[in-house]
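Chemist: The sequence and its predicted three-dimensional model are supplied below.
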Amino acid sequence: MTPEFSVVIPTYQRPALLMKCLEALSQQTLPRDQFEIIVVDDGNSHETAEAVWQFTKRVARQGGPLEIRYLGQPERRGPAAARNRGWRAARGRVVAFTDDDCVPQPDWLSAALVCFRRGAQVVTGSVRMPLPNQATHHDRTTALLETAEFVTANCFCSRIALQRVGGFEEAFDIAWREDSDLQFKFLELGIPVTKCPEAVIVHPLREAPWYAPLRDERKNRYDALLYKRHPDLFRERIPAYRGLVFQYYLTVVGGVIGLLTLPFSGFVASAGLSVWLLSTADLTIRRLPEGHWRWIDIKHAILTAVPTPFLSVYWRLYGAFKYRVLYW
């Protein structure tokens, strides 16, 4: 019997989170014989493979067979490549994508099935990211995923639609902008994307180290690649945050001019360093958590606010040079 859905989950060295995702999928209201699960392990980890095998045996004893296939990637190539391998191995009429750190709600597949029976080709569901009481700047930024138009943490594509666009672009070799690229390919071929708010996944916010915002700045280089591939849709659909980007460039220019002119012109150096200092102070305040501030919060805000403009500008220019595109 051909299942209605093939659920594809890329994973990398997070077996504990993956088990929570699989547990949620085992609780779907859709009968188990109507979907299969394909786990694509980008780390090709024995621990992950064993965890999937043990979970499959346990869930079969408790509630009947649930088809779960484990595919280990020969080498790490990123989530886009893992998803491509997953959907190409799928048997279902529709491929459902989610991530190993997500928790699909019980009616996730059933809600999407209604849309496909009405003729949908591509469906995007809802993402919920509950914020903690004292949310950090990184938490608030990450939670913007709730407002995204199309995310691979919660989307459904007919196999025919995926074949028409060729699946994911594997040049996006980290988890950033590969979902927008897929969405734009659908739109450029006239394949509509249907919203299904009832298909819900919960994406819990994981505790991140204080330097996570600095590490994440490297994602900016993939904005240039997305712009090069889809310039019109990029300008139309991707938030520009021009005010913040302008502030980053102004901060970098002010700091560089201030340091370079310090031995020659006290006035110019003072002006440049004043711009850098005022802008950095503003960025620091924005990074402070809501509510009561502790010394450790202030320290981490300063340690991320100072280098962020320089890292952001560097990765933006790196992407522009690497992909040979005039991108601001």
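Modeler: Looks like it arrived, so ask away.
Chemist: residue ranges of the helices in the stretch 101-250 of the chain, please?
Modeler: Secondary structure of the stretch 101-250 of the chain by DSSP state H, counting those that start in this stretch: the helices cover 108-117, 137-142, 159-165, 178-188, 212-216, 221-229, 231-237, 242-261.
Chemist: Mean neighbour count for the ones you listed - can I get that in a markdown table?
Modeler: All C-beta spots, glycine's among them, are computed from the backbone N, C-alpha and C. Output for these, formatted as a markdown table (neighbours: other C-beta atoms under 10 Å):
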| stretch | mean neighbour count |
| --- | --- |
| helix 108-117 | 20 |
| helix 137-142 | 18 |
| helix 159-165 | 17 |
| helix 178-188 | 22 |
| helix 212-216 | 17 |
| helix 221-229 | 22 |
| helix 231-237 | 14 |
| helix 242-261 | 16 |
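Chemist: Could you check those and tell me which one is nearest Phe321?
Modeler: Closest of the helices of the stretch 101-250 of the chain to Phe321 is helix 221-229, at 8.6 Å (criterion: C-beta to C-beta).
Chemist: What mean pLDDT does that closest one get?
Modeler: When pLDDT is averaged over helix 221-229, the result is 97.
Chemist: and it, what does it pack onto?
Modeler: Contact here means 3 or more C-beta pairs under 8 Å, 6 or more residues apart in numbering; DSSP states H and E; on that basis helix 221-229 packs against helix 178-188, helix 231-237, helix 308-322.
Chemist: between those, which one is nearest to Ala161?
Modeler: Taking C-beta to C-beta, helix 178-188 is the member of the helices and strands packed on helix 221-229 nearest to Ala161, at 6.6 Å.
Chemist: mean confidence score for that closest one?
Modeler: Averaging pLDDT along helix 178-188 yields 98.
Chemist: Can you tell me the strand partners of the longest strand anywhere in the chain and which way each runs?
Modeler: Of all segments of type strand in the chain, defined using DSSP state E, the longest is strand 193-202. As defined by DSSP bridges, the strand partners of strand 193-202 come to strand 103-104 (antiparallel), strand 122-128 (parallel).
Chemist: Domain ranges for this structure, per the record?
Modeler: By the assignment in automatic domain parsing, the chain contains the domains 5-208, 210-328.
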